[in-house]
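Visitor: Got a sequence here, can you model it:
(4 chains)
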There are 2 protein chains.
Amino acid sequence: MHKGETVGPLDTAVGYVLKEAASALRGAMDASLRPLNLTVPQYACLELLGQRPGLSNADLARGAFVTRQSMNVVLQGLEARGLVIRPAEAAHGRQLPAELTPAGRAQLQAASTAVHAVEVRMCAGLSPARQKELLATLAVCARNLTETT
Amino acid sequence: MHKGETVGPLDTAVGYVLKEAASALRGAMDASLRPLNLTVPQYACLELLGQRPGLSNADLARGAFVTRQSMNVVLQGLEARGLVIRPAEAAHGRQLPAELTPAGRAQLQAASTAVHAVEVRMCAGLSPARQKELLATLAVCARNLTETT
DNA sequence: GACCGTATGTCAAAATCCTTACATGCACAA
DNA sequence: TTGTGCATGTAAGGATTTTGACATACGGTC
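Guide: Numbers count the residues shown, from 1 in each chain, chains lettered A, B, ... in the order given. So this is what the prediction gives:
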């Protein structure tokens, strides 16, 4: 067995600490979204639609890192609550471009504020430069793993 | 609405990119563990036990960021496959200290090598210094969110 | 000793999510 | 035009995970 062939001590393994941070973030997010009666996937859907109106179900699924089927039930729930609207028929292809209703925008405003507060808390003590580098480094990591080559 | 109250563009939001990276890592990990007939939680359990023999079910659950109940089914599965052993009775309290069998150690060796390869691929192009800073920064983020104060 | 708070292992039920599958619709090439 | 490939929306099923609950066991204080 050569040195470095296996995963080392957990607190020095990038993957482990990454999961630890993601898990903590997830927990903090649903705690802060619960008062608004929103789950994390529901919030993700609203945020996506707020920033990119007209996204299809499949687009939203990719953006929220879930399957189309999961996003579809999220959309149906948000639609039933009057936060999102989708046309009955597709104008082009099969895609049904979704959009926020005024009520959806209001919910998003509250939710996004709450989530932003969580992010601020998470990054407490990190200089802007360090936050920026974290962002860039994580983007590189994600890219390295999603490349098909 | 004041500047910065809500979450900004997705690719500049730390939380979003963090989830993106974690999701990519999860996908790459199951792909590389599938040939070994191991899921990510199962691998996590083996890795924990390899590094800290005698951990209880609750300890393993905390270390793998799942509930005790989930870890319990994982343990039962690994026990049935002869990779892990637990005493029938607790020596102290209710904790049942789990340990790897020789077969479990062999499986862990293969799995840990595969996962390490994924981590290497993920960190490709990052200098050792940058990896170290990533590690430290993520640890700070996790700490900031898990503090009870 | 008796009590209360906390931690553990486990069971049952519910919710969540993914896997599989199929019917459609567009784009592109032969 | 025809067909092949790929993407989409949706439904049904199963697998996994969490939620809620309970009995037990230790550690502290009164």
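Visitor: Identify the spatial nearest neighbour of residue A:29, chain neighbours not counted.
Guide: residue A:40 (5.2 Å; CB to CB, 6 or more residues apart in numbering or on different chains). Backbone N, C-alpha and C define where each C-beta goes, glycine included.
Visitor: Excluding sequence neighbours, find me the nearest residue to residue A:43.
Guide: residue A:111 (4.9 Å).
Visitor: The one you found against residue A:33, yeah?
Guide: Yes. The criterion here is CB atoms under 8 Å, and residue A:111 meets it with residue A:33 at 6.1 Å.
Visitor: Give me the more crowded residue out of the two.
Guide: For residue A:111 versus residue A:33, neighbours defined as other CB atoms under 10 Å in any protein chain shown are more numerous around residue A:111 (26 against 19).
Visitor: mind listing what residue A:104 touches?
Guide: Residues in contact with residue A:104 (CB atoms under 8 Å, 6 or more residues apart in numbering or on different chains) are A:46, A:49, A:78, A:82, A:83, A:84.
Visitor: helix/strand/coil for the closest residue to the last one other than its chain neighbours?
Guide: Spelled out, it's residue A:84. Nearest residue to residue A:84, sequence neighbours excluded (CB to CB, 6+ apart): residue A:78, at 4.2 Å. Put simply, residue A:78 is helix when judged by DSSP: H, G, I helix; E, B strand; the rest coil.
Visitor: roughly how far apart are the residue nearest to residue A:29 and DNA strand D?
Guide: In this view, residue A:40 and DNA strand D are 11 Å apart by CB to the nearest atom of the strand, to the nearest Å.
Visitor: Next, the contact list for that residue, please.
Guide: A:26, A:29, A:30, A:33.
Visitor: Distance of it relative to DNA strand C?
Guide: Counting by CB to the nearest atom of the strand, the gap from residue A:40 to DNA strand C is 7 Å.
Visitor: Can you read off the pLDDT for that residue?
Guide: Among the per-residue scores, residue A:40 holds a pLDDT of 96.
Visitor: Kindly report the same for residue A:148.
Guide: Predicted confidence (pLDDT) for residue A:148: 73.
Visitor: Can you get me a residue count around residue A:118?
Guide: The burial count for residue A:118: 21, using other CB under 10 Å.
Visitor: average pLDDT across the helix or strand containing it?
Guide: Assigned by DSSP states H and E, residue A:118 belongs to helix A:102-122. Throughout helix A:102-122, pLDDT has a mean value of 96.
Visitor: Now find how far off-centre it is within its chain.
Guide: Distance of helix A:102-122 from its chain centroid, counting by CA atoms, centre = their mean, to the nearest Å, is 13 Å.
Visitor: Could you pull out the buried residues of that helix?
Guide: For helix A:102-122, the buried set under the neighbour-count rule, 16 or more other CB atoms under 10 Å in any protein chain shown, comprises A:104, A:107, A:108, A:111, A:112, A:114, A:115, A:116, A:118, A:119, A:122.
Visitor: possible to save those as TSV with distance to DNA strand C?
Guide: Putting the buried residues of helix A:102-122 into TSV (distance: CB to the nearest atom of the strand, whole Å) gives the following:
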residue	distance to DNA strand C
A:104	18
A:107	17
A:108	18
A:111	16
A:112	19
A:114	18
A:115	16
A:116	21
A:118	18
A:119	20
A:122	21
